[in-house]
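Trainee: coords please:
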Amino acid sequence: MKKGIIVFLILFIILFFIPVEYEKAQIVRVIDGDTVIVKINSMYHKVRFLLINTPEMKDDGIYAKKYLEKILVKGTKVYLERDLKNKDKYGRLLRHLYLNKEDVGNIKKSINYMLVKEGYAEIVSYSPNYKHLLKLYYYTKFK
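Mentor: Purely as a prediction, here's the structure:
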């Protein structure tokens with residue numbers, strides 16, 4: 001029992017008391033409902049949104065893509081917040097996306113949240129990126 005409490009406390013400290021770090025980026029292109037290409041310091045990167053999944057393009061994914069294209073037009077400045085794992089198996093950066101620097105860390109202000117709230121995405125999680133999972137679930141299901 002004590003071991004479980006200690007593990008919980010360590011995770012709590014890691015997830016809630018480590019300062020929020022972010023990268024400033026510029027939107028280059030929306031690939032689909034949960035993936036974009038951004039420019040960071042003159043380098044191009046594919047970014048996969050954390051904690052969400054949208055339908056594939058061959059299904060209803062086109063609606064999520066069109067929604068994103070209205071918000072994230074080419075040249076839009078965004079702020080990317082990482083979690084524990086930096087990249088997925090395809091080499092994409094794994095991030096939460098925000099339009100305003102002061103919103104970084106507030107999942108309710110993220111593009112990820114907006115996609116779920118508007119019905120374009122569902123919540124999914126892949127270990128070890130759980131930083132905002134409980135808050136995202138709570139805000140989209142109970143608020």
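Trainee: CA only for contacts and neighbour counts going forward, please
Mentor: OK.
Trainee: am I right that residue 94 sits in a helix?
Mentor: No: according to DSSP: H, G, I helix; E, B strand; the rest coil, residue 94 belongs to no helix; its state is strand.
Trainee: that one pairs with what?
Mentor: residue 48 (DSSP bridges).
Trainee: wait, doesn't it sit right on residue 45?
Mentor: No: assessed by CA atoms under 8 Å, residue 94 is found out of contact with residue 45, at 10.5 Å.
Trainee: where does the residue positioned nearest the centre of the chain land on pLDDT?
Mentor: Taking CA atoms, centre = their mean, the centroid of the chain lies closest to residue 96, which sits 2.5 Å from it. You'll see residue 96 listed with a pLDDT of 97.
Trainee: now it: how far from residue 124?
Mentor: 13 Å (CA to CA, to the nearest Å).
Trainee: same question for residue 114.
Mentor: Distance of residue 114 to residue 124, given as CA to CA: 15 Å.
Trainee: these two: who's more crowded?
Mentor: Legend: neighbour count by other CA atoms under 10 Å for residue 114 and residue 124, higher for residue 114 (16 against 13).
Trainee: could I get the contacting residues of the nearest residue to the more buried one once chain neighbours are set aside?
Mentor: In space, and not counting its chain neighbours, residue 114 is closest to residue 108: 7.7 Å by CA to CA, 6 or more residues apart in numbering. Contact analysis of residue 108 by CA atoms under 8 Å, 6 or more residues apart in numbering lists 114, 136, 139.
Trainee: now do residue 108 against residue 119, distance only.
Mentor: As judged by CA to CA, residue 108 and residue 119 stand 15 Å apart.
Trainee: re the thing from before, in a helix, the residue nearest to residue 114, correct?
Mentor: Yes: residue state for residue 108 (three-state DSSP) corresponds to a helix.
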